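Asker: show me the folded form of this:
(one chain, ligands or ions: 1)
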Amino acid sequence: MTKRKIGIDFDDVAVDTFPAFLAFCNERYNEQFRVEEFTSFRYDGVWKITKEQGRERFIAFDNSEAKRNICPMLGAQKAIKGLAIIHELHIITARPVEIAEGTREMIDRHFPKMFKDVHFCSSDNGAILHRPKPMACKEIDVALHIEDHPETARRCADKGVPVLLFDRTWNRSEETHDLITRVHSWDEIFKILSRP
Ligand SMILES: [Mg+2]
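Answerer: Now for the predicted structure:
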């Protein structure tokens, strides 16, 4: 088996962030939305808020105890542990560096010693630190990236990076692309990436 570098998005791929985030928002802002209603990645679609307000909500969530409710995706710990033996795994996340410490803690807690490195790619990280995910994927030289954000997946694929698109309600309208393969579980990902 050839050892490959694999990029793995953190939120909603390694861990199931959105349900915990939505539960926090429903309570904090007195709303009653369901995960299934989020059929696009745009915050303004369901929540009717701006991108900046969406970011503020996420920071509020990250500053709260509710972030402790973020669980690993079903089967992720087992699959990632197995894949870490075969390949070199990198977290490539759009989280801002200002929440890097808490993010690293969560990674250490759920996925101890499984990742070679963690890369923060948010546009909030300033001109020097900002490195869009497709650029990060190219620079780290990943053979493949696992992602749930439909636009990010397409931009990576357009740069020649093969993507496993983790099936979520907000990426189901994504058009097909030669380099994008939709996957539905970590079991499936493990099978694909452990094939000789
Ligand atoms: Mg994600």
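
Asker: tell me what the longest strand belonging to the chain is packed against?
Answerer: Residue-count comparison of every strand in the chain, with assignments taken from DSSP state E, identifies strand 88-93 as the longest. With contacts defined as 3 or more Cβ pairs under 8 Å, 6 or more residues apart in numbering; DSSP states H and E, the packing partners of strand 88-93 are strand 5-8, strand 117-120, helix 133-140. For every residue, glycine as well, the C-beta is placed using N, CA and C.

Asker: in three-state terms, label the residue of the chain positioned farthest from its centre for me.
Answerer: Largest separation from the mean C-alpha position in the chain: residue 30, at 26.5 Å (Cα atoms, centre = their mean). Remark: residue 30 carries the secondary structure label coil [criterion: DSSP: H, G, I helix; E, B strand; the rest coil].

Asker: from the rest of the structure, what touches the helix or strand following the longest strand of the chain?
Answerer: Following strand 88-93 in sequence order, the next helix or strand is helix 100-110 (DSSP states H and E). Residues from elsewhere that reach helix 100-110, judged by Cβ atoms under 8 Å, 6 or more residues apart in numbering: 10, 14-15, 62, 67, 70, 72, 76-77, 91, 93, 95, 115, 118, 120.

Asker: how far does stretch 41-53 sit from the chain's center?
Answerer: Taking Cα atoms, centre = their mean, to the nearest Å, one finds stretch 41-53 lying 18 Å from the centre of the chain it belongs to.

Asker: now do the end-to-end distance for that stretch.
Answerer: Stretch 41-53 has an end-to-end distance of 14 Å (Cα to Cα, to the nearest Å).

Asker: over to stretch 157-167?
Answerer: Stretch 157-167 has an end-to-end distance of 16 Å (Cα to Cα).

Asker: quick one: residues in contact with that stretch.
Answerer: Counting by Cβ under 8 Å, 6+ apart, the neighbours of stretch 157-167 from elsewhere in the structure are 7, 9, 12-13, 73, 134-135, 137-138, 142-148, 150, 153, 156, 171, 174, 177-184, 189, 192.

Asker: picking up where we left off before, point out the most buried one among the helices and strands packed on strand 88-93.
Answerer: Comparing these by mean neighbour count (mean count of other Cβ atoms under 10 Å), strand 5-8 comes out on top with a mean of 23.

Asker: by contact count, what packs against it?
Answerer: The elements that strand 5-8 packs onto, with contact taken as 3+ Cβ pairs under 8 Å, 6+ apart, are strand 88-93, helix 133-140, strand 144-147.
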